[in-house]
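**Student:** Here is my input, please return the structure:
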Amino acid sequence: MRANSLTQIKPASETGRHGEMRCVECPIRYRAVCAQCESDELSLLEGMKFYRSFEPGQPIVWEGDRMDFVASVVIGVATLTQTLEDGRTQMVGLLLPSDFLGRPGRDHAAYNASATSKVVLCCFRRKPFDELMRTMPHIAHRLLEMTLDELDAAREWMLLLGRKTAREKIASFITIIARREAALRKSRPGGRMEIELPLTRDAMADYLGLTLETVSRQVSALKKDGVITLNGKRGVILHDFARLVGESGDDADGGLLA
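**Tutor:** Numbering: from 1, shown residues only. Take a look at the predicted model:
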C-alpha cells in the first residue's frame, strides 16, 4: 500500500551523521555534486552527511510527498516514475551512481523513486544543504552542470523514443550504461567491456517504450550477430564498444549519425 509521507517509508538501514565511508574513499567522489570540493570542505561535509540504504523494489520517495533531504546515489540504480490520474505509471528516468536526487529549494518530490537494486544514498538535510550552496558557490555550480547534463540526456531520450528502431533503442541503452560505468572508473569506453544491466527486461521494455517480447527478440539478435554475449541474468559482455555504438545509430561521441 502506498505510503503517505517520507516518514512512513523506512529504509533498509540508516547510519548516523558520520556515515559509512570517508568522502576521499567514495566511489563517486569525482562525479558527484561534491566533485570540486577541497579537503577542508570535504571535512565539513563529513560532519553533515548520513547514509540511507534500500533493498530492491523498495520505494525511496513517492511523488508529491514532502522530501526533507537531497542525496547522491553512491551504489545501485533507482527508477523515476510518474503516475497518471487513472493509475497508469510511466518510467521517466534512471538514477545511476553519482546522480542527484531531490532539488534544493523544493520540498516535495516531483517523481516516485524506487530502488531496482541495492541502493545506497549519501544524504544531506535539504535546508542545511541549501545554506551550504550559498557558502560554497562551486557546489551550486556543479549542481547546475549536472542539471544541464540531465537536460541534454532528456533531449537525447526524446530522440531515442521517437525516431530509433527497436534494435537501436536496445543498443543505445546498453551504450549509455557502458559509458556511465567507464566514467565511474575514470576511463574511456572502448574495446571489450563487461557490464551489468540495471533493469530487468520487463523494466527495459517499459523504459524504452517496447514490449517485453521485442526486447527479448532484439537482445537475442544482438547476441546472435556477435555484438554482445550474455553473462548470467543481467551481465553483458561487449566485444567491441565501437560496433555497439554503430548499432545504436550514434557516432562515437554520442551524436546521431546522418
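
**Student:** Strands of the chain, residue ranges please.
**Tutor:** Secondary structure of the chain (DSSP state E): strands located at 13-14, 50-54, 59-61, 69-75, 78-83, 89-95, 100-101, 112-115, 119-125, 193-196, 228-231, 235-238.

**Student:** could I get those as a markdown table with mean pLDDT, distance to Leu160 and mean neighbour count?
**Tutor:** For the C-beta atoms, the positions are set from N, CA and C on the backbone; glycine is no exception. As requested, the strands of the chain are arranged in a markdown table below (pLDDT from 0 to 100; distance: least, C-beta to C-beta, whole Å; neighbours: other C-beta atoms under 10 Å):
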| stretch | mean pLDDT | distance to Leu160 | mean neighbour count |
| --- | --- | --- | --- |
| strand 13-14 | 52 | 36 | 12 |
| strand 50-54 | 95 | 28 | 20 |
| strand 59-61 | 95 | 25 | 22 |
| strand 69-75 | 94 | 22 | 22 |
| strand 78-83 | 90 | 16 | 19 |
| strand 89-95 | 85 | 13 | 18 |
| strand 100-101 | 94 | 22 | 20 |
| strand 112-115 | 94 | 22 | 23 |
| strand 119-125 | 94 | 25 | 23 |
| strand 193-196 | 91 | 18 | 17 |
| strand 228-231 | 94 | 18 | 16 |
| strand 235-238 | 94 | 18 | 18 |
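
**Student:** Can I get those in TSV including distance to Glu150?
**Tutor:** What follows is the strands of the chain, written out as TSV (distance: least, C-beta to C-beta, whole Å):
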stretch	distance to Glu150
strand 13-14	26
strand 50-54	21
strand 59-61	17
strand 69-75	13
strand 78-83	11
strand 89-95	8
strand 100-101	8
strand 112-115	14
strand 119-125	17
strand 193-196	21
strand 228-231	27
strand 235-238	24
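
**Student:** The ones you listed: which one's closest to Asp250?
**Tutor:** Each of the strands of the chain has some distance to Asp250 by C-beta to C-beta; the shortest is strand 235-238, at 14.6 Å.

**Student:** Give the pairing partners of that closest one; include direction for each.
**Tutor:** Sheet pairing for strand 235-238, assigned by DSSP bridges, gives strand 193-196 (antiparallel), strand 228-231 (antiparallel).

**Student:** Could you give the separation of it from the chain centroid?
**Tutor:** With C-alpha atoms, centre = their mean, to the nearest Å as the basis, strand 235-238 stands 19 Å off its chain's centre.

**Student:** Ok, stretch 130-143 next?
**Tutor:** That offset, for stretch 130-143, works out to 22 Å (C-alpha atoms, centre = their mean).
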